[in-house]
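A.B. asks: Here's a sequence, model it:
(one chain, ligands or ions: 2)
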Amino acid sequence: MRKDIAVIEGDYSGPEVVREAVKVMKRTAEVFGHQFSFTNVLMGGAALDATGNCLPQRTLDRCLASDSVLLGAVGGPKWDDVDRNNRPETGLLRLRKGMKLFSNLRPARVFPQLAAASSLKPEIVAEGIDFVIVRELVGGIYFGVHETVIENGVEKATDTMSYSEPEIERILRVAFETARKRRRGLVSVDKSNVLDCSRLWTKVFHRMATDYPDVQAQDMLVDNAAMQIVRRPSQFDVIVTENMFGDILSDEASMVTGSIGLIPSSSLGETSCGLYEPIHGSAPDIAGKNVVNPIGAILSGSMMMKYSFGMLEESAAVDAAVNRALDEGYRTGDIMSDGCKKLKTVEMGDLVASYIS
Ligand code: IPM
Ligand code: MN
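C.D. replies: Ligands and ions are numbered 1, 2, ... in the order given. So this is what the prediction gives:
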């Protein structure tokens, strides 16, 4: 197969991890007889510096014309004072919206080799942590009206959250289908004791649950969910929630797994052209030193092959190569422990690529 991949290296540590992911994808294409072409495009801080725009139209057009997009991470202290309309993060939000990527999947699972890195007690980790957060990605408060005004000499800021029934239904559909392919447990997270958006959300959820009698559907308030994720994470299979709750809970979930550097994510809409990125940020403090963990980016490439290209074997080969490297005790600094062998970013990428077969 031929696949055309748009690559956004991004800012700070972004380029370092993306290069390793591209290296592993190239090796996979070689082994399995595919042709992958990679085209670098600019978004975020790098785009702002080069063009004055955090998401140039050219980039959006190129991404829409590609078979999928691989992204490192954007943003960092260099652009802290930039106006919100042109911040690196705004580039990412516009890209998600422009590509209509409403569904964001963020797996949270403990790699058995790294169980000790979890922030939870070993007996809780031993119960098993393997769930996925399905986050609505192009609606809610992220895309409502944002406004700061001065009224009678007092500064006042407003952000609005809104959701329509079709927006809720399409993301819940993805969640129910995802649960069906897993252990058939689905928890919808909301704040229906306070928010109208959540009340509409849960109404649609309960209605749709009758279409999926094989899925065990339950709703949970977001504050309780935040607590349950650290109390007994083994109870979760699939969590579905709106944009901002999903942002917050997915960071919490990654910490529970102990390995934020290892977690990939996919963002998809109605077509197979998606955006794949590690969930970690641009890690400005350790950027440029060849020490960041490229595994989250490498596994994002694996997810792209699986979900956008239907290359199940190829994706499994990458996952197996990562597992082998971890089994053999190879670690980057963030997940280093006694008795393991510490590798630089590039060395980890080389090792994983060499294990693809
Ligand atoms: C994420 C990030 C983004 C978000 C930021 C960079 C806008 O935190 O992907 O989780 O809030 O969605
Ligand atoms: Mn986030």
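A.B. asks: how about the nearest residue to D350 once chain neighbours are set aside, secondary structure?
C.D. replies: In this structure, D350 finds its nearest non-sequential neighbour in K23, 7.4 Å apart by Cβ to Cβ, 6 or more residues apart in numbering. C-betas here are computed from N, CA, C, even on glycine. Following DSSP: H, G, I helix; E, B strand; the rest coil, we place K23 in the helix state.
A.B. asks: Distance check, K23 against S308.
C.D. replies: Here the distance between K23 and S308 works out to 19 Å (Cβ to Cβ, to the nearest Å).
A.B. asks: Relative to I298, how far out is the residue nearest to D350?
C.D. replies: 9 Å.
A.B. asks: May I ask which helix or strand encompasses the residue nearest the centre of the chain?
C.D. replies: What sits nearest the mean C-alpha location of the chain, by Cα atoms, centre = their mean, is S265, with 3.1 Å. In the assignment (DSSP states H and E), S265 maps to strand 264-268.
A.B. asks: C-terminal to that strand, what's the next element?
C.D. replies: strand 275-278.
A.B. asks: between K23 and I298, which one's more packed in?
C.D. replies: For K23 versus I298, the count of surrounding residues by other Cβ atoms under 10 Å is larger for I298: 29 against 18.
A.B. asks: Doesn't that one belong to a helix?
C.D. replies: Yes. Per three-state DSSP, I298 lies within a helix segment.
A.B. asks: which residues sit in contact with it?
C.D. replies: 17, 20-21, 24, 318, 322, 349, 352 (Cβ atoms under 8 Å, 6 or more residues apart in numbering).
A.B. asks: what does V174 give?
C.D. replies: By Cβ under 8 Å, 6+ apart, the neighbours of V174 are 103, 134, 240.
A.B. asks: between these, which has the most around it?
C.D. replies: Busiest of these [other Cβ under 10 Å] is V240, holding 30 neighbours.
A.B. asks: where's that one, which helix or strand?
C.D. replies: Remark: V240 resides in strand 238-241, with elements defined by DSSP H and E.
A.B. asks: residue ranges with poor pLDDT in the protein?
C.D. replies: Applying pLDDT under 70 to the chain flags no residue at all.
A.B. asks: In it, where's the longest strand?
C.D. replies: strand 2-10 (DSSP state E).
A.B. asks: any idea how far that one is from the chain center?
C.D. replies: With Cα atoms, centre = their mean, to the nearest Å as the basis, strand 2-10 stands 16 Å off its chain's centre.
A.B. asks: List the strands paired with that strand, with their directions.
C.D. replies: Using DSSP bridges, the strands paired with strand 2-10 are strand 35-40 (parallel), strand 68-73 (parallel).
A.B. asks: before we move on, back to that, common neighbours of K23 and I298, please.
C.D. replies: Common neighbours of K23 and I298 (Cβ under 8 Å, 6+ apart) are G349.
A.B. asks: closest point of the stretch 101-250 of the chain to ligand 1, which residue?
C.D. replies: D247 (4.4 Å; Cβ to the nearest ligand atom).
A.B. asks: Report the contact partners of that residue.
C.D. replies: R135.
A.B. asks: Could you do N293 as well?
C.D. replies: Per Cβ under 8 Å, 6+ apart, neighbours of N293: 17, 261-262, 280, 332-335, 345, 348.
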